[in-house]
Structures are given as C-alpha cells and as structure tokens.
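Visitor: quick one, fold the following:
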Amino acid sequence: MSKGAAFERAGSNDSTVSEGAKQLDSAGFSLANYIDRQFPDEASLEKIDIVTANIGHRLTTVKQEIRRQLREQSDSQQQQAQSIEATKTAINELYQRISEMKAKAQTSERTVLDITQDIKALDFAKRNVTQATATMRRLQLLVGAVEQLRQLKAQKRYAEAAKILPAIIGLREGFGEYKEVRAIARLDEAALGLQRSLASMAVQEVQRGFDSQGLLVGEPEQMRAACLCCCNEDEKAQIIDAYCDTQLRAYTAIFQLDDDVSQLENVSRRYAWLRRIQRNYAEEHAPAFPDAWRMGEELSRRFACVTRDHLSEILATREIHVEHLTAAVAETQAFEAQSDRNFGIVKREKGFVYEGSGQPAQTFGGLISCAFEPYMAVFVEGEKDKLTKLIRKYERGSLDSDQELGVLASSTEVLFQFRESLRQCAGLSTGAAMVDLANVFAQVLSSYSRLVLEARLPRITAATAAPLDSLQQACMVANTADYCASAASQLEQKIAERVDAGLRDKVSFSSSRDALLGSVNASIGALVNGVESMCESALTTISDAACHVQAVGDQSAYVAQIASAVDTATVTVRQALSGARYFRSYCDKLAARIAARFTAAVAQCTRISEVGAEQLLLDAQALKSVLMRLPTTNSQADQPQQQPSAAYARIVAQGVGRAESLLKTVLVPSEPAEALIDRFLLLFPEAPREVFRQVLRLKGVAAADQPAFIRKLQQFAKTQENTPDLRNPRLPAHIVSSAPASAPLVRQRSRMGEHTRGGSSTSMVFGPSDSPTPDISAAGNSDSMGRMPLGPHHDALGITRHAINETAAEQTSDTASLPATRSKLNENLRRLVSNMRRS
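Guide: Residues are numbered from 1 along each chain as shown. Here you go, the predicted structure:
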C-alpha cells in the first residue's frame, strides 16, 4: 500500500472514530449499532487496534473529567456552608438592633402620651369655658329680645317686631338641648307664647284693614309689617283665606248659577271681572302684603277653582251647544295662558318654574279648562256631523278631479276639513277628545272609501260607449284611495305627536287604511273587468273558431282583437294610474284573467280535432306573447323597454300552460289507449280524473268507452307510483317538478301536409307549456302509430332517451329565453320534419 493511500485511510479512520466518539456521548447509544458501524466488513478489522486505543483514550479522558468535577463540587459545598453561617450571623445582629429600636420607641410613646394627656385636659377645659361663655351670651340675648318683643307688641310696632322675631326663633332653636333646665324651659315657653300672641294680633290687624266689601281701610305699611310677623304657615294661611274670601264674595254674588251672566256663552265676563280685581289689587292692595306671598297669584288660583266648580255644575245641568262650548274653551285657555305670562311662570326641561328665580311653580294651564274635558264629546259629535254631511254631499255630487294631484277633488276637501278640525281640537284638548276625534276621522275615511270611492267605480260592459273614459275613472278612484291612505298614515303620526303621552297607543287608522286599500283593489278589479269586457267579443269566439279549423295557419283573428284591446286599455291605465305597484297588480290580475278565460274557452269546446288543437296551441303562444309585453307597454316611445319580472312570467306561463297541457294531450291519438294515458301522465303527473274525462270528451271518445280509459289510467298511475321503470323515457319526477313551467316545446304533426295559403307553405310552432314536459321532436299520425310497438314502458310517439335528456336541459333555461323570431323556429321545425321523413 502506498503512503498516500495509507494517509487517506488513516484520515478516514480518524473521521470514523470522531463520529464514533460522538455516538458514545449520545443519549440513545446502542453498542451493537456502534460495532456494526465501526466494523462493517472484514477489511475494517484491521483498524481494531486504533479503535481500541481511541476508546481507551476516551475512557481516560472521561475519568479525569469526572474527578475534576467531583473536586469542584466538593469545594462549592464548603463555600456554600460558609456563606450560610455568615448570613445567619448577620440576621442575628439585625434582629438585636430591631429589638433595641422597638424598646426605645415604646419608651418614647409613653412619654408623648403623658404629655398629650395633659394637653387634652387643658383643651377640654378651654372648650367648655368657651361654650359656657357663648351660651350665657345667647341666653342674655334671648332674655333681652323677649323683653324687647313684649314692649314692641304692647306698642303695636310690627315693623320692628318683625325684625326681632327671626333672632328669637334662632336663639330658641339653639337652646333645644337645654330644655331640661327649668329656667331655660320657662324662658322658651314665654318666648313661644309671646310669638303666638303677636301673630294673632297681626292677623287681626290685617283683617281689620279690609271692610266687608273688600275695600282697603287700613294702613298698607302697617298691614305689611303685621304680615311679616306671621312666621307660622297657619297664620299666613288665615290672612290669605280671609283676603281671597272677601274679594271673591262679590264674584259668587254676581255669577250665580241661575243668572244669564253665569251661562257658558258669557264665560268671558268672568275673566273680565277678575282682570278688574287684579288691576285694583296691583294699584291699592299689593303694598299691604309681602311680595314673597304672591297674593295676586293666589287670588287668581282661588278664582280659577271657584270658576271651575261653577262651570262643571253648569255643564252638568244645562244643554250644551257646540258653538258655546268651543268659544268657552278657547276663552278659558287664553285666560290660563295669560295668567302664566302675568305671573312669570314658564316651562323648562324640569317643569314649570318662575322665570326670575327659577323656583318650582304650578301652571294655570288646565286649572279651569279641565272642567270641559268630560263634555268634549259634544265637540267631537259636532265635527262628526259636519264630516258626515260632507260625505253625503260628495256621495250625490259629481266626480270633479284635482288635476295637479290626479285625485278626486272631494278627497282634498275632506282632508282639509280634517286639518281644520284637528287644529281646533288641539287648541281645546289634547286628551281623550283628540283620541275620539281621531276615531271619527278613521270612520269618515272608511265611509268615504265605501260610499264615495267604491260606489263610483264604473261597471264596464261590452255595451259601454266610452270604455277608456271609464277606465280612467277607475284609475282616478284608485289614485284617490292611495292618496287618502297615505294621508291617513301622516294624520295618525301627527295626532300621536300632539295627544297626551298616555293616550298615544289608542290612536290608530289601521281600519281606514284597510278600507282604502280595499278600494284600491276594487278599482284594480274594475279595471280588469273592464278590459275583459273589451275583449269579450273575441273571447267568445274561441270555442267556435277551434271547432271549425280546417288547416293550421297563422294566429287566429281573435288573438289580434284581444291584443288590440289589451294594448289600448293598458296604455290608458298606465298613464292614468299613479302607483307603479298598482300597475303591476293590474298586469298580474289581467294576465291571470285572460289566461283563465282562454283555458275555459278551450275546455268548453265540444270536440277538438288534431288540426284544431295545433291551431289553439299556436294561438296560445301568440296570446302569451301579448301578455308578456303587457307590463312593458309604454306610451312614451323614447323610454327603454324593460323585461317583465320573473314572477309575472310565472303567472303568464302557469295560466296559459294549463290550456297548452290540455291541448298537447288532445293531440295524442286515443288508439292505442296506452299512448294517450302515457302522454296524459307525462303532462299531468297528479293524474286528475276530471281532467282526463275532459280530454276524452274533447277527443270525441264516446261516453260508453270512457270508463275503460279511466280504469287503464288508474292502473298506469298505480304502476308508476309503486314500481318505477327505468326504461320509461319520461322524465323523472324530480326533474318534472323542478323544470320551469314555461319550457319551450316544439312539435310537428307526423303527416305534414302542405297547407297552402297564398301559395306558401305554413309551418307550425307551439310555445311553452305549463307542465314541465319533454320536447316532442316528431310525432306520427294515427296510421304510422298503429304500426309502432307500444307498451306501458315506451313512449307512444317513439321518443328516445337521448331526445328527452336534451329537452330536460332546454327546460332549465329561463322563461324569457323564447326564440327571437318565428322564421328561425319554422326553419328548425322543417329540419325536424325532414329528418322524420328520411327515417
């Protein structure tokens, strides 16, 4: 071996040993794995001495490391023990120092406590001496004040006595806790007795200041000072009662209940009398009373209470006229508002207060007018009679219209009268009377809806001379009803804002709104009936036209007549009807009505031939096109045409689809019966017997043969319900139920004769059906079908499963995706016929 090779091998051995050393240090060391890695083959045994030496060297190194770490651990334990001992010694020294400081603090605290006890004793002594000195001074003041008050009382010097009284009252309150001392108790009783006797003298002094007629005969300044001596509320009330009774004695004598001047129509004289008394008080009597007593305001309140009692008795015993009642309420409310202004009573967020001081006050509002509240029903009845007469007037009058609003002029007059009545009631009462008036408004609106609007709806028949004018009149009624319904909602909101908070829940115009919306529906019904009458001549010819069809051609003449009448009427209705939602309702109902009449006309036919059925299917498609453009009929050509809504498309598809399904069943020959029943169940999965009898009648099946067909229908229906057959090419039930009602269906008679009209051949196209049926691409005539193998699990017209799957995919498209042009459909149809002939 060369030196280079040995060097390389030794290097590789070193690296292997190094890796082995790392493996020895690992936690998951495995001896067997280690040996296998070191000696993977026999050639590697040559380095066993090197591995052994390395392992020995590694063992020696590990032992040295262990001894070193043991020595270091022993040295650290000794150092830790020494640190612990030093710490314990420091803690003991600190504890001794803290104990010494605590002992010194306790000694200092005892010393300070001894000093403060002496200071507290001195402080208590000083406080007691000060309080005793102040009490003796107040006692001297009280004794002097009582003696001085006694002298002033004897001399009737009320002004000076009024100044001393507050001081005596304050001093007496200060001796409340000394009442157990006899001397102080006797002094307090003497002061209280002197105060009461002085107040009694003051009351007599004020009462003597007015004679029996209420005239001032005393000295105002002396009387004012005497009033100030009445510190108790009882003495104050005696003076106020005596003065008010004296002043109002003449009022009760003048306005007696049986006199004419006291009646309801003369209520303004009462308030004129009080204004004169108030003027006399301000000029002569006001200086005799303190301003804080508000004697003028108190006199007005006493007057209001007496007047309220008088009016309540008059209203309860006399006949009430509406004019007198409203005038009296207006005069009373004006007086109450003027009284609030005179005495500075204003309303703030927290209630009524005096404007200058901000102290709480009681308003005069409702103080007298509350007497009229129980009798406001008279006012409400008067307004009800007035509005009822107005309704009767318009019930017999002409139908004038408001050109600006597009409604009947009578509605604006009624609503104007509502506003005037509400304004007058708001000035009289915002309580139960306003709620009663709101109920009257609701009743009047309901009567207006019934007696004026619905009674004026035109009855359009085929003999009506000007049907378009009648349609405009019906639209005017609908607009008026909608206008009144909106006004009723606004009126309800306005009354709820004005009426008292506790009565807002009782304000409701729901019944009147329902009546007005009922008038709107009746108007739309009249429009639909009118348009139907305009189409009546065309609708009545459907049955006869179907029975006399000789060849399938273009759409029948009655379809053009219906289209012309419907388009003309719809343009008029769209221009005259104000609400877009009502026009949509008109379109929905009209489409359903025309479709129902077409279906009924088909059902009324005595017998329909195959050619007649195909012609009716063509007419149904044309009629559907007429109805589909009904919502987009627009009198202004510059406006873009919009597609009808999906809901309207469903209404049209379902309405016309009933007739289409019936006609498609009639197209199937009655022999063999299995083919007819199979197609009937395909178009009518519910298998209604009455419809099947109708199909048999239209096909001309004799009545004696119909029971056999019905028995087979029951057998087929039972077989389909219990044992569905996968070979049946009809669509599954879930596809049938989910397919759109207006899926396009293209059919062609199997024997395509050339129906020449004007030298051109005419093809047949039939539109969407109501029932979700598969596309019938080709059908054989009765002869060819007789040669076809038929059975309960095969389609009578020989349709393959592939054709049905294609038709199911087409049926999932939107109802609006009808073929754009008839020529394209005819081309597709001719292609299908050509394929049939080749087959």
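Visitor: check which residues of the host helix or strand of residue 308 are buried.
Guide: Using DSSP states H and E, the element containing residue 308 is helix 295-317. Of the residues in helix 295-317, 295-297, 299-304, 306-308, 310-312, 314-315 count as buried by neighbour count, 16 or more other C-beta atoms under 10 Å. For every residue, glycine as well, the C-beta is placed using N, CA and C.
Visitor: neighbouring contacts of it?
Guide: Applying C-beta atoms under 8 Å, 6 or more residues apart in numbering, the contact partners of helix 295-317 are 240, 243-244, 247-248, 251-252, 255, 257, 262-264, 267, 270, 274, 277-278, 281-282, 285-286, 289, 328, 336, 339, 343, 362, 364, 367-368, 370-372, 374-375.
Visitor: sketch out the low-pLDDT regions of this protein for me.
Guide: Low-confidence regions of the chain, defined here as pLDDT under 70, cover residues 1-25, 397-399, 402-403, 465, 545-551, 553, 634-642, 687, 719-839.
Visitor: quick one: the strands in it, in order.
Guide: 345-348, 351-354, 401-402, 407-408, 756-757, 760-761 (DSSP state E).
Visitor: buried ones in the first one?
Guide: Using 16+ other C-beta under 10 Å as the burial criterion, the residues of strand 345-348 that qualify are residue 345.
Visitor: from the contact counts, what lies against that strand?
Guide: Helices and strands touching strand 345-348, by 3 or more C-beta pairs under 8 Å, 6 or more residues apart in numbering; DSSP states H and E, are strand 351-354.
Visitor: show residues contacting the strand it packs on.
Guide: Here strand 351-354 makes contact (C-beta under 8 Å, 6+ apart) with 340, 343-346, 359-363.
Visitor: which of these tops the neighbour count?
Guide: residue 361 (21 neighbours; other C-beta atoms under 10 Å).
Visitor: you'd agree it is up against residue 345?
Guide: Yes. Under the criterion of C-beta atoms under 8 Å, residue 361 makes contact with residue 345 at 4.7 Å.
Visitor: dump the residue contacts of residue 628.
Guide: Each residue near residue 628 by C-beta under 8 Å, 6+ apart is listed here: 644, 649, 652.
Visitor: hmm, 6 Å instead?
Guide: Counting by C-beta atoms under 6 Å, 6 or more residues apart in numbering, residue 628 touches 644, 652.
Visitor: could you do the one 3 residues further on as well?
Guide: Contact analysis of residue 631 by C-beta under 6 Å, 6+ apart lists 587, 644, 648.
Visitor: buried ones in stretch 142-151?
Guide: For stretch 142-151, the neighbour count (16+ other C-beta under 10 Å) marks 142, 145-146, 149-150 as buried.
Visitor: with respect to residue 185, which of those residues is nearest?
Guide: Of all the buried residues of stretch 142-151, residue 185 sits closest to residue 142, with 12.5 Å by C-beta to C-beta.
Visitor: quick revisit: now distance to residue 499 too, for the buried residues of stretch 142-151, in TSV please.
Guide: TSV is the format used below for the buried residues of stretch 142-151 (distance: C-beta to C-beta, whole Å):
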residue	distance to residue 499
142	61
145	60
146	61
149	58
150	63
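Visitor: give me the subset of the residues you listed lying in helices.
Guide: Counting by DSSP state H, the part of the buried residues of stretch 142-151 found in helices is 142, 145-146, 149-150.
Visitor: tell me, how many residues neighbour residue 444?
Guide: 22.
Visitor: do residue 80 as well
Guide: Each residue near residue 80 was counted by other C-beta under 10 Å, and the total is 10.
Visitor: which of the contacts of helix 295-317 are buried? Put it as a PyMOL command.
Guide: Buried residues within the contacts of helix 295-317, by 16+ other C-beta under 10 Å, are selected in PyMOL with:
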select buried, resi 240+243+244+247+248+251+255+262+263+264+267+270+274+277+278+281+285+289+328+336+339+343+364+367+368+371+372+375
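Visitor: highest neighbour count among the contacts of residue 631?
Guide: Most surrounded of the contacts of residue 631: other C-beta under 10 Å gives residue 587, at 25 neighbours.
Visitor: correct me, but that one touches residue 630?
Guide: Yes. Under the criterion of C-beta atoms under 6 Å, residue 587 makes contact with residue 630 at 5.1 Å.
Visitor: helices of the stretch 301-450 of the chain, start to end?
Guide: For the stretch 301-450 of the chain, the helices defined by DSSP state H, counting those that start in this stretch occupy 322-342, 377-396, 409-428, 432-447.
Visitor: deepest of those helices, which one?
Guide: A comparison of the helices of the stretch 301-450 of the chain by mean neighbour count, using mean count of other C-beta atoms under 10 Å, puts helix 432-447 on top with a mean of 22.
Visitor: which elements pack onto that helix?
Guide: In terms of contacts (3 or more C-beta pairs under 6 Å, 6 or more residues apart in numbering; DSSP states H and E), helix 432-447 is packed against helix 377-396, helix 409-428, helix 510-534.
Visitor: let's see 8 Å
Guide: If you count contacts as 3+ C-beta pairs under 8 Å, 6+ apart, helix 432-447 packs onto helix 377-396, helix 409-428, helix 467-498, helix 510-534.
Visitor: out of the ones you listed, which comes closest to residue 592?
Guide: helix 510-534 (8.8 Å).
Visitor: run the chain-centre distance for that closest one.
Guide: Relative to the centre of its chain, helix 510-534 is centred 27 Å away, using C-alpha atoms, centre = their mean, to the nearest Å.
Visitor: need the contacts of residue 631 in CSV with distance to residue 85, can you?
Guide: Shown next, in CSV, are the contacts of residue 631 (distance: C-beta to C-beta, whole Å):
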residue, distance to residue 85
587, 108
644, 105
648, 104
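Visitor: show only the entries of those residues found in helices.
Guide: Taking DSSP H as the definition of helices, the contacts of residue 631 contribute 587, 648.
Visitor: out of the contacts of residue 631, who's nearest residue 223?
Guide: Using C-beta to C-beta, those come closest to residue 223 at residue 587, 88.7 Å.
Visitor: next one: that closest one from residue 629, what distance?
Guide: From residue 587 across to residue 629, the span is 10 Å (C-beta to C-beta, to the nearest Å).
Visitor: also residue 695?
Guide: Distance, residue 695 to residue 629, using C-beta to C-beta: 31 Å.
Visitor: so which of the two has more stuff around it?
Guide: Taking neighbours as other C-beta under 10 Å, residue 695 and residue 629 compare with residue 695 leading, 25 against 15.
Visitor: for residue 355, what are its contacts?
Guide: By C-beta under 8 Å, 6+ apart, residue 355 lies in contact with 344-346.
Visitor: doesn't residue 604 make contact with residue 694?
Guide: No. If you go by C-beta under 8 Å, residue 694 and residue 604 don't touch, sitting 10.1 Å apart.
Visitor: looking at the two, which is more packed in?
Guide: Legend: neighbour count by other C-beta under 10 Å for residue 694 and residue 604, higher for residue 694 (17 against 11).
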